[in-house]
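1. A predicted structure for the sequence below; I have some questions about it.
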Amino acid sequence: MSESAQKAVILLSGGLDSATVLAMARNKGYACHALSLDYGQRHHAELAAAKRVAAALGAAEHKILPLSLDAIGGSALTDKSIDVPQAGGEGIPVTYVPARNTVFLALALGWAEVLGSTDLFVGVNAVDYSGYPDCRPAFINAFEQLANLATKAGVEGQHFKVHAPLIELSKADIIQVGTRLGVDYSLTVSCYQADEDGTACGVCDSCRLRAEGFEAAGVPDPTRYRA
């Protein structure tokens, strides 16, 4: 990566989707500044996965910021008194974290402005996903407008772009793209209730979508599941 490469901020959870996005951004020639959030998530093991992925994919820098969304709760991912569902259902599931992507993108935007970058990457997906409202194209478009209204850089004529390259891909498509780009999915953790070692439960919505994606892609699933 040359020192003159254009900088981008990539939201990196440590899961399958964001790892693929990091690889895609790197493949486009960006100097990738990866941002992970320690937000009080039940599946804390994803942060160790994010470190592994950032190192493996050559991120220029990786920050993990503290953010106590568990202080307000309201989600099975941030409130351990709410069980993680083991089957899909109607409506938006309890694994939805209120305003999570809004907050995460706001922090990515702030760091981008400091870095002199106008490119944000996020691994939201509106095909094989859990129905979260902040994973839809309308949300991404609206946030991009906000970014250009709410920042000094935007007011002074720079144009922020929110890249969501997975938004119209199936999980199988995402895995195939990542595999071509050299993503080692054994480094990632997607499970909503992974243990400290990153071992997946195999029954939550995220595990189900991930396993179905590997099967549909015809790619061996490297996920470690609890027996």
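-> Done, it's in.

2. gap between the spatially most central residue of the chain and Phe160?
-> When CA atoms, centre = their mean is applied to the chain, the residue found nearest the centroid is Ser18 (4.0 Å). Plainly put, Ser18 is 19 Å away from Phe160 if you go by CB to CB, to the nearest Å. C-beta: built from backbone N, CA, C; applies to glycine.

3. again with Asn101
-> 15 Å.

4. Identify the single longest strand in this structure, thanks.
-> Ranked by residue count and defined by DSSP state E, the top strand of the chain is strand 31-38.

5. Would you map the strands across the protein?
-> 7-11, 31-38, 61-66, 119-121, 161-163.

6. want to try JSON lines for these, with mean neighbour count and distance to Gly213 as columns?
-> Below are the strands of the chain laid out as JSON lines (neighbours: other CB atoms under 10 Å; distance: least, CB to CB, whole Å):
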{"stretch": "strand 7-11", "mean neighbour count": "25", "distance to Gly213": "20"}
{"stretch": "strand 31-38", "mean neighbour count": "24", "distance to Gly213": "22"}
{"stretch": "strand 61-66", "mean neighbour count": "14", "distance to Gly213": "25"}
{"stretch": "strand 119-121", "mean neighbour count": "25", "distance to Gly213": "20"}
{"stretch": "strand 161-163", "mean neighbour count": "18", "distance to Gly213": "21"}
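
7. Can I get the ones you listed in a markdown table including mean pLDDT?
-> Shown next, in a markdown table, are the strands of the chain (pLDDT from 0 to 100):
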| stretch | mean pLDDT |
| --- | --- |
| strand 7-11 | 98 |
| strand 31-38 | 98 |
| strand 61-66 | 98 |
| strand 119-121 | 98 |
| strand 161-163 | 98 |
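
8. Indicate which one of these is closest to Glu144.
-> Glu144 lies closest, by CB to CB, to one member of those: strand 161-163, at 4.4 Å.

9. helices or strands next to the closest one in the packing?
-> strand 119-121, helix 137-150 (3 or more CB pairs under 8 Å, 6 or more residues apart in numbering; DSSP states H and E).

10. Check the offset of the shortest one from the chain's centre.
-> This points to strand 119-121. Chain-centre distance of strand 119-121: 12 Å, with CA atoms, centre = their mean, to the nearest Å.

11. Please list the residues outside it that contact it.
-> With contact meaning CB atoms under 8 Å, 6 or more residues apart in numbering, strand 119-121 is reached by 6-11, 21-22, 24-25, 30, 105, 108-109, 112, 147, 160-165.

12. run the last query once more with 6 Å
-> With contacts defined as CB atoms under 6 Å, 6 or more residues apart in numbering, strand 119-121 is touched by 8-10, 21, 25, 108, 112, 161-163.

13. Also stretch 38-52?
-> With CB under 6 Å, 6+ apart as the test, stretch 38-52 has contacts from 12-14, 36, 64, 66-70, 77-78, 187-189, 192-194, 196, 198.

14. Only the buried members of those: can you turn that into a ChimeraX selection?
-> Selection of the buried residues among the contacts of stretch 38-52 in ChimeraX, burial being defined by 16 or more other CB atoms under 10 Å:
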select :12,13,14,36,64,67,69,70,77,78,187,188,189,192,193,194,198
